[in-house]
Structures are given as structure tokens and as C-alpha cells.
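J.: The following comprises the amino acid sequence and a computationally predicted model.
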Amino acid sequence: MKIAVLGSGVVGQTIGTKLVELGHDVKMGSRTATNAKAAEWAGKAGTRASHGTFADAAAFGELVFNCTGGMVSLDALRMAGAQNLAGKILIDISNPLDFSKGFPPTLSVCNDDSVGEQIQREFPDAKVVKTLNTVNAILMINPSILPGEHDLFMSGNDADAKAMVRKILTEWFGWKIVIDLGDITTARGTEQLLPIWVRLMGLFKSPQFNFHIVRPATA
Ligand SMILES: NC(=O)c1ccc[n+]([C@@H]2O[C@H](COP(=O)([O-])OP(=O)(O)OC[C@H]3O[C@@H](n4cnc5c(N)ncnc54)[C@H](OP(=O)(O)O)[C@@H]3O)[C@@H](O)[C@H]2O)c1
């Protein structure tokens, strides 16, 4: 597939490299067409990798990953252009972490809203699926580095889009358990896992951990 990865940070680079390794053509998007990190990534990732503006990448991709900061995702996606997102699955990995007052970060949106919902509201023709935001970048594409069962969550309004994302998560990235929480409003819950996630990271002194839900016998 032709895939857009919006974001030149560690998440964009990790997802982008994995997708190239799987044989997909990946364009990384940034605010500028000459972003040094995106250029370096494309140079290293091989001939299937390229980079450009957010709009260049979104226009290129049949499928779009949002790997930008949660506080600036709407700005980045506006630069990508609604017309370049319409009808496409938009996998949103962002978290609304606000580090402006130091550590621990606060959430810039929470309780009765989420970045996932903000994106879906502003881009109603995109099929937003929120997932992967509750695990570290390395784990996203390498879940088996943690022993035992551990879980990933997924939120979105479009059943077909979620079926495709489940396939990507399980068959491409190796996830065994993907819990479909429901519509995009359920992204509030996974974004609001971040306050406990950052404290666990501090406790463990490592980001390589995950949540595992012990279900009732009836579920
Ligand atoms: N790091 C992890 O392991 C991890 C795990 C789970 C979820 N996440 C979430 O994944 C997302 C990406 O994280 P990250 O650490 O890879 O990267 P990041 O530093 O949070 O975001 C990098 C991207 O944000 C863009 N950006 C920055 N300011 C902007 C602005 N004012 N307007 C538009 N775009 C702007 C940058 O554009 P340029 O390319 O132009 O610089 C860059 O592409 C975040 O929302 C994070 O919370 C991260």
C-alpha cells in the first residue's frame, strides 16, 4: 500500500520503518518539505521511503497514520488538508500531553472530549481509528518483546475501518489482543490512561510495559 506517516518523531520513524520493511511505500510528512529528521529517515529507510510536507504525504497515502503531538495534531492535519484525508482510514496515535508546566504532563483535552474526537469532528470524511497510543513506540510494532498477554485498545466509528486496523495491528505488527472499545468517544478512556502510564514509566524506569485486562468470565 501507499501509506502516509504524518510526524517525524520517534513514533513516525518507528512506524514508517516497519511499514517499509513490510514492503509498503511510505511518505513521511512534516511542516516543511525539507525537514532534516524526515530526510534522514527517508535516506536510511530505503527506496520505498520518501518525505514531504504533511499535505504531500496525506495526498500520497491510501492510509494515514497521525504521529504528531496531540496538542498540535489538528494543526498538522489542517496542513495535511481535509481533501487529502477524505474517505481514508486515519490511524491516530497521538496523546494530548502538555509538558508546558513540566513533569508530570497534564492532558490538554480530557473528561468529555479527546484528540481522537476532535479529529473526527473536524474531518468528518476521514475514518478515524484511535489505537497504539497507550504503548511505547518500540512496543507498537514489536509487542512480543514483552512476555505474556498484554492488550491494545481501539476506538472508532467505522466498523470496516476498525476491521482493517485490526488486521494491520495483528497481521502486520503482531498484536494478539486488540480490544475494540466502541465509537470514537471511547478514545477519552485510552488518552486518559496516560497519567498512570507516565507514572508507571517513572516507577519502572522503562517505557517497555503494558496493560493487561483480566476479564470477567462472561466476556
Ligand atoms: N514516543 C512514544 O513512544 C509514544 C507512544 C505512544 C504515543 N505517542 C504519541 O505519538 C505522537 C508522536 O510522538 P513523537 O514523540 O514521535 O513525536 P512528537 O515530538 O510528539 O511530534 C512530532 C511531530 O509533531 C509535529 N509538530 C510539532 N509542532 C507542530 C505544530 N505546531 N504544528 C504542526 N505539527 C507540529 C512535528 O512536525 P515537524 O516534522 O515539522 O517537526 C513532528 O512531525 C505524540 O502525540 C505522542 O504523545 C508517543
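T.: Yep, it's here. These numbers were taken from a predicted model, which means no experiment stands behind them.

J.: Distance check, the residue in the chain positioned nearest to the ligand against Ile15.
T.: In the chain, the residue that lies nearest the ligand is Gly9 (2.4 Å; C-beta to the nearest ligand atom). Quick note: C-beta positions are derived from backbone N, CA and C, even for glycine. Separation of Gly9 from Ile15 (C-beta to C-beta, to the nearest Å) stands at 10 Å.

J.: got it, and Val5?
T.: 6 Å.

J.: anything in contact with each of those two?
T.: Here Val5 and Ile15 have 65, 67 as joint contacts, going by C-beta atoms under 8 Å, 6 or more residues apart in numbering.

J.: Pull up the overlap in contacts between Gly9 and Ile15.
T.: Cys67.

J.: And these two? Which one has more around it.
T.: The neighbour comparison of Gly9 against Ile15 (other C-beta atoms under 10 Å) goes to Ile15, with 24 against 14.

J.: Mind giving me the packing neighbours of the host helix or strand of the more buried one?
T.: Per DSSP states H and E, Ile15 falls inside helix 10-21. Helix 10-21 sits against strand 2-6, strand 25-30, helix 36-45, strand 49-53, helix 137-140, with contacts defined as 3 or more C-beta pairs under 8 Å, 6 or more residues apart in numbering; DSSP states H and E.

J.: Now the spatially most central residue of the chain: closest residue in space that isn't a chain neighbour?
T.: Relative to the mean C-alpha position of the chain, the nearest C-alpha, by C-alpha atoms, centre = their mean, is the one of Ile93, at 2.0 Å. Leaving aside its sequence neighbours, Ile93 sits nearest to Leu132 (C-beta to C-beta, 6 or more residues apart in numbering; 4.7 Å).
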